[in-house]
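Visitor: pasting the sequence and the predicted model now:
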2 protein chains.
Amino acid sequence: MSGWLRVIGLGPGSAEWLTPEASALLHEATDIVGYMPYVESVPATVTAKRHASGNGVELERAREALKMAAGGSRVAVVSGGDAGIFGMAAAVFEAMENGDGAWRDLDVAVVPGMTALLAAAARVGAPLGHDFCVMSLSDYLKPWPVIEKRLQAASVGDFVLALYNPASKTRREQLTAALDCLRKHRGPETIAIAAKSIGRAEEQMMVTTLAALNPEDVNMRTLLIIGSSCTRRIRRPGKPPFVYTPRFYEEMP
Amino acid sequence: MSGWLRVIGLGPGSAEWLTPEASALLHEATDIVGYMPYVESVPATVTAKRHASGNGVELERAREALKMAAGGSRVAVVSGGDAGIFGMAAAVFEAMENGDGAWRDLDVAVVPGMTALLAAAARVGAPLGHDFCVMSLSDYLKPWPVIEKRLQAASVGDFVLALYNPASKTRREQLTAALDCLRKHRGPETIAIAAKSIGRAEEQMMVTTLAALNPEDVNMRTLLIIGSSCTRRIRRPGKPPFVYTPRFYEEMP
């Protein structure tokens, strides 16, 4: 039996961020498994059989993939960005821990990908130049009080804060509540970045302030970055500003 | 004048993590600027002139690179991992903000790279499967009380915690103090991961507990990941364990 399973991060949309390691493994796989838009974004030169499924079935998908690998297939489970950051990797290990004991013996590994956070940060400069927190705002899998406690902790620590899944079409009130919470702790002029569809043709970057950030401008393809008290904007004539968080915590030298 | 400056993340050592975008730009550059080990790790096929400098001269290096771009050179400033995460990107913007006003008009951009954190996490499973914080333990550029406040905040929020620059040959007491602080907030069985020289021939991964983690095993090439209360270990017969943080915050379903 020579099956394997690789959980592969495809990066945020653009082929220029797909790593050579991920690309090589996609071409060795017999089967590609994942959420439909990600399976469709696997390069056309990959000839493996594609198994696309819908949203919200991560655990079933993970079990199916483990079964296929146990049966001898070379299975690439794909996620956008990095599979370990709010992607399929945790679901695969959850399925492994609670499933067939033989699955622990399989040749399973995670292949890192460019997460949207790094790509979005690079587009505006270096907002993550100092300590930062990364959170998902979705309360689908964790209770809201945990999210609120973490938003407060990140504020008390004066971390730069990156928010994945800030809102969807139907899930809107979490973002409003999160912004209310952050506005209690950080000044109105705190820099806020809304990065939409990074790496895709429809990519949009918005640099604004915590006070001016409009939840209407945020959708499920948006990543939000809220600056710390130190995050700065460099204005440029006729060009979008750069944003960076200095390496120094106190006044600039 | 057709000069440009790109701040490029090379990834953590291995060529299989260098993105196609970064690779293409390195081949277009006329000059490669950076800390010596990173300049040396640029692929040999790159024919640009190499300008290597020592540690601790980030700002001078950034100014020099901006001057070269202003003079018409195509300058690649290189960092290991991602240049925006404790790398050269913030130094370049600091130099730009405080330097020659004309530098703001230059064609400058950041090119994201695979940061060591994602690569290290992938090696052991999916420890970042839920909300997490990223900090540098170096007090070279920020006062220790800020670091301590952030360690406490990350603990209160029950974030997974990733620590860059946990120690160097001479800087040892910060790590001991940080572990003392974390041990006050998290149980002795909390999972701790020490990832050393990720992506290099001498790579070493250690999965242990917060109680058992020995500062002697940590050097300047180590990235530490301390689990949250939910981070779990999957034991495997005859193989290293997998570590993951479940997507669910409460009990597994």
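Guide: Yep, it's here. Numbering: from 1, shown residues only, chains lettered A, B, ... in the order given.
Visitor: going forward, measure contacts and count neighbours with C-alpha atoms only.
Guide: Will do.
Visitor: where does the prediction get shaky in chain A?
Guide: A:1, A:250-253 (pLDDT under 70).
Visitor: break it down into its structural domains.
Guide: A:4-114, A:117-244 (automatic domain parsing).
Visitor: nearest to residue B:152, of the ones you listed?
Guide: Residue B:152 sits nearest to domain A:117-244 of all these, at 7.9 Å, using C-alpha to C-alpha.
Visitor: does the closest one reach chain B?
Guide: Yes - using C-alpha under 8 Å from any C-alpha of the partner chain, domain A:117-244 comes into contact with chain B via A:118-119, A:121-123, A:125-136, A:141-143, A:146, A:149-150, A:152-154, A:156-159, A:234-237, A:242, A:244.
Visitor: do stretch A:78-97 as well
Guide: Yes - judged by C-alpha under 8 Å from any C-alpha, stretch A:78-97 and chain B are in contact via A:82, A:84, A:85, A:86, A:87, A:89, A:90, A:91, A:93, A:94, A:97.
Visitor: wait, what's in contact with the fifth one?
Guide: For residue A:87, the residues meeting the contact criterion (C-alpha atoms under 8 Å, 6 or more residues apart in numbering or on different chains) are A:79, A:80, A:81, B:129.
Visitor: state the distance from it to residue B:123.
Guide: Per C-alpha to C-alpha, to the nearest Å, residue A:87 is found 16 Å from residue B:123.
Visitor: just the buried ones from the residues of stretch A:78-97 next to chain B?
Guide: A:82, A:84, A:85, A:86, A:87, A:89, A:90, A:91, A:93, A:94, A:97 (16 or more other C-alpha atoms under 10 Å in any protein chain shown).
Visitor: how about the residues you listed in JSON lines, adding secondary structure?
Guide: Listed next are these as JSON lines, based on DSSP: H, G, I helix; E, B strand; the rest coil:
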{"residue": "A:82", "secondary structure": "coil"}
{"residue": "A:84", "secondary structure": "coil"}
{"residue": "A:85", "secondary structure": "coil"}
{"residue": "A:86", "secondary structure": "coil"}
{"residue": "A:87", "secondary structure": "coil"}
{"residue": "A:89", "secondary structure": "helix"}
{"residue": "A:90", "secondary structure": "helix"}
{"residue": "A:91", "secondary structure": "helix"}
{"residue": "A:93", "secondary structure": "helix"}
{"residue": "A:94", "secondary structure": "helix"}
{"residue": "A:97", "secondary structure": "helix"}
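Visitor: and which of the residues you listed is nearest residue B:15?
Guide: Distance to residue B:15 across these (C-alpha to C-alpha) is lowest for residue A:82, with 17.8 Å.
Visitor: for the closest one, give me its contacts.
Guide: A:8, A:9, A:10, A:11, A:112, A:113, A:114, A:115, A:116, B:118.
Visitor: residue A:249 too?
Guide: A:230, B:141, B:142, B:143.
Visitor: so which of those residues is surrounded by the most neighbours?
Guide: Highest neighbour count within the contacts of residue A:249, by other C-alpha atoms under 10 Å in any protein chain shown: residue A:230, with 22 neighbours.
Visitor: which residues in chain A form strands?
Guide: With strands called from DSSP state E, chain A shows them at A:4-9, A:31-35, A:49-53, A:74-79, A:107-111, A:125-126, A:132-136, A:160-164, A:191-196, A:204-209, A:222-226, A:232-236, A:239-244.
Visitor: Throw those strands into a markdown table and include mean neighbour count, thanks.
Guide: As requested, those are arranged in a markdown table below (neighbours: other C-alpha atoms under 10 Å in any protein chain shown):
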| stretch | mean neighbour count |
| --- | --- |
| strand A:4-9 | 28 |
| strand A:31-35 | 24 |
| strand A:49-53 | 16 |
| strand A:74-79 | 28 |
| strand A:107-111 | 21 |
| strand A:125-126 | 28 |
| strand A:132-136 | 24 |
| strand A:160-164 | 24 |
| strand A:191-196 | 25 |
| strand A:204-209 | 16 |
| strand A:222-226 | 24 |
| strand A:232-236 | 17 |
| strand A:239-244 | 19 |
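Visitor: columns distance to residue A:19 on top of those, output as TSV?
Guide: Shown next, in TSV, are the strands of chain A (distance: least, C-alpha to C-alpha, whole Å):
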stretch	distance to residue A:19
strand A:4-9	9
strand A:31-35	17
strand A:49-53	20
strand A:74-79	13
strand A:107-111	9
strand A:125-126	22
strand A:132-136	23
strand A:160-164	22
strand A:191-196	22
strand A:204-209	23
strand A:222-226	22
strand A:232-236	31
strand A:239-244	26
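Visitor: you'd agree residue A:130 is up against residue A:245?
Guide: Yes - contact status for residue A:130 versus residue A:245: in contact at 6.0 Å, counting by C-alpha atoms under 8 Å.
Visitor: can you give me the separation between the residue nearest to residue A:20 when sequence neighbours are not counted and residue B:87?
Guide: Excluding the flanking residues, the one nearest residue A:20 by C-alpha to C-alpha, 6 or more residues apart in numbering or on different chains is residue B:16, at 5.0 Å. Computed as C-alpha to C-alpha, the residue B:16 to residue B:87 distance reads 20 Å.
Visitor: do residue A:112 as well
Guide: Separation of residue A:112 from residue B:87 (C-alpha to C-alpha): 19 Å.
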